[in-house]
Each structure stands twice: as structure tokens, then as C-alpha cells.
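J.: Give me coordinates for this.
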Amino acid sequence: MSILEVRQVEHVELAMTEPTPPSEIFQERLRTAREQLRKWSQSDLAGRAGLPPSSIAHFETGSRKPSFDTLRRLANALEVTTDYLLGRVADPGLAEAGDPLYRDIGKLTGHDRDIAKDFLRMLAERNRPKSPGGDQ
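T.: As a prediction, this is how the structure comes out:
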């Protein structure tokens, strides 16, 4: 058996022995990211993801499951990985999590993250090279 085949078998065995179904993990992770990480209401998340608030409620109760596109929109809005929402990893951080700046930003609530983004945008603009005509 090849290494790939062994890994596939291990993955299937692990999935079969998982105590919590993936859909329940998603519901839990979505609510945790929204409430504890970002301190947002369902309406806040819905607005940022471009979805109706009722969709967020359905996802959190498990009465509906998101499409791939919706999953991506939720992860982008919450600034977490889709792997976190799906229960594949325990850390909600983005790929840039190795950078200390991103590690600290990941600990902020939604409103504080917006302030930090605005500040970083201002710093980036300040450090942008000026055009020859003096305009920025």
C-alpha cells in the first residue's frame, strides 16, 4: 500500500470514529467565531457576508448547510479559515498567522479589527511612493 493510500485509509477511519458530526462542528464554530471572536450579532455577520440574517440563524441551528460559495463568504467575513469552520483545524487564524502582527489582530473583536484595518490602511497609504507630479 502506498503512503497516499495509507493516509486515505487513516483519514476515513478517523472520520468514522469522530464523536461530533461535521455539520455540528460547523454550527458550533460559526457561532463561536461570530460571538466570541468578533462579538457580532447574526445581523452583523449577515451584512458583512452579504447574506440574509435568517441564513445565519439556519446555519447555526443546523436546519440548512451552506454552499461552498457561502462557506467562503462566511470565512472571509469572519476572517477565519474554512478549515476552522469545518472543524479540520483548531486554530481560527488565517494563513498569515505566523506573522506577529496577524497573531495580535486575530485576538481583536470585530469593531477593534475595523479600527486596526483603517489604521494599517492609513500607514500603507503614507508609505506609498509619491507620483512624479506630487499627487498621491
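
J.: Pull the biggest helix by length in the chain out as CSV, backbone CA atoms only.
T.: Ranked by residue count and defined by DSSP state H, the top helix of the chain is helix 110-126. Taking Å, rounded to 0.1, in the frame of the first residue of the first chain, the C-alpha atoms of helix 110-126 are listed here in CSV:
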residue,chain,number,x,y,z
GLY,A,110,-14.9,43.0,15.2
HIS,A,111,-15.0,46.7,16.0
ASP,A,112,-11.4,46.8,17.1
ARG,A,113,-10.4,44.9,14.0
ASP,A,114,-12.1,47.6,11.8
ILE,A,115,-10.1,50.3,13.6
ALA,A,116,-6.9,48.4,13.2
LYS,A,117,-7.6,47.8,9.4
ASP,A,118,-8.2,51.6,9.0
PHE,A,119,-5.0,52.4,10.8
LEU,A,120,-3.0,49.9,8.7
ARG,A,121,-4.6,51.2,5.5
MET,A,122,-3.6,54.8,6.6
LEU,A,123,0.0,53.7,7.2
ALA,A,124,0.2,51.9,3.9
GLU,A,125,-1.0,55.0,2.1
ARG,A,126,1.5,57.1,3.9
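
J.: per-residue confidence averaged over it?
T.: Helix 110-126 comes out with an average pLDDT of 89.

J.: List the buried residues of that helix.
T.: Buried residues in helix 110-126, counted by 16 or more other Cβ atoms under 10 Å: 110, 113. For glycine as for every other residue, the C-beta is placed from the backbone atoms N, C-alpha and C.

J.: if we look at it, which residues are touching it?
T.: With contacts defined as Cβ atoms under 8 Å, 6 or more residues apart in numbering, helix 110-126 is touched by 38-40, 44, 79, 105, 108, 136.

J.: Cool, thanks, talk later.
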